[in-house]
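J.: got a predicted structure here, sequence first:
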Amino acid sequence: MTGLQLRLLNGFELAARGEAVPLPMSAQRVLAFVALQDRPLQRPYVAGSLWLDWPEQRAYANLRSALWRIHRCGLPLVNAVGQQLSLDRDVVVDVRELEALARRALTGMSTEVLEPEWSLFNGDLLPDWYDDWLVLERERYRQLRLRALDALCARLTDAGRFDEALAAGLAAVAGEPLRESAHRAVIRVHLSEGNVGEAIRQCRLCRRLLREQLGIEPSPRMAELMAGLDIQETVR
């Protein structure tokens, strides 16, 4: 085992057997780009995506230089076969592991299978990078993460594990305060525990955020959730 770990959540970090491996920024960008794909990539596609505004030949030269810097560190990171580039299979990427975990949460697997790794869902994908190609990757992972937290919160609530359910639900709210489904998940936790006052407060917070930020009202699902509590003014 090479012990190679590539961390892309909350920042870039490459480690070999626990020791940090420095890479110049150009090499980091190529490694991250290749790592976020689940298939081999053509060199022209990588060069054109990473150096979108550069002339074609200059973009190819930049890619060659970055690959040279990657190979210079002496670690098996990127496989180059002809015109194709792919991440070496021995490199463990945190985003890929978390995406697999999120899909397990969404497919209804037991909550015991997800312990304790689900708490790692709080990380964002390379938050201090501003590359155009990252926009869709970051949003794709963010949506998957938030949906997984919603699902996990619901299952933990059903299992009576309210402390963990609340932590998962609040993590989803923090990830996107305008996501009504996350607020509803938190409200269900409070109602399951009999904390009606906390449920009302969360409902009012959701209503205020949606009104102030988007100019909309909560959906009928929110009203259905709060129905029967004789507090209909909370969702009006």
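T.: Now that the structure is in, tell me what you want to look at.
J.: what segments of this protein are strands?
T.: Under the criterion DSSP state E, the chain contains strands at 4-7, 13-16, 19-20, 41-42, 78-81, 84-87, 91-93.
J.: and the ones you listed as a markdown table, adding mean pLDDT, mean neighbour count and distance to residue 100?
T.: No exception for glycine: its C-beta is placed from N, CA and C like everyone else's. Output for the strands of the chain, formatted as a markdown table (pLDDT from 0 to 100; neighbours: other CB atoms under 10 Å; distance: least, CB to CB, whole Å):
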| stretch | mean pLDDT | mean neighbour count | distance to residue 100 |
| --- | --- | --- | --- |
| strand 4-7 | 96 | 18 | 15 |
| strand 13-16 | 96 | 17 | 20 |
| strand 19-20 | 94 | 8 | 25 |
| strand 41-42 | 97 | 14 | 21 |
| strand 78-81 | 94 | 14 | 21 |
| strand 84-87 | 96 | 19 | 15 |
| strand 91-93 | 95 | 19 | 10 |
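J.: in TSV, list those along with distance to residue 105.
T.: Supplementary listing: the strands of the chain in TSV, determined by distance: least, CB to CB, whole Å:
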stretch	distance to residue 105
strand 4-7	21
strand 13-16	25
strand 19-20	30
strand 41-42	29
strand 78-81	30
strand 84-87	24
strand 91-93	19
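J.: so which of the ones you listed is nearest residue 211?
T.: Within the strands of the chain, the stretch nearest residue 211 is strand 4-7; the backing value is 38.5 Å (CB to CB).
J.: related to what we said a few turns ago, to residue 66, which of the strands of the chain lies closest?
T.: When the strands of the chain are compared by CB to CB, strand 78-81 sits nearest residue 66, at 9.5 Å.
J.: how about the strands of the chain, which one is nearest residue 208?
T.: strand 4-7 (36.3 Å).
J.: could you tell me how far the closest one lies from the centre of the chain?
T.: Average the C-alpha atoms of strand 4-7, do the same for its chain, and the two points are 16 Å apart (CA atoms, centre = their mean, to the nearest Å).
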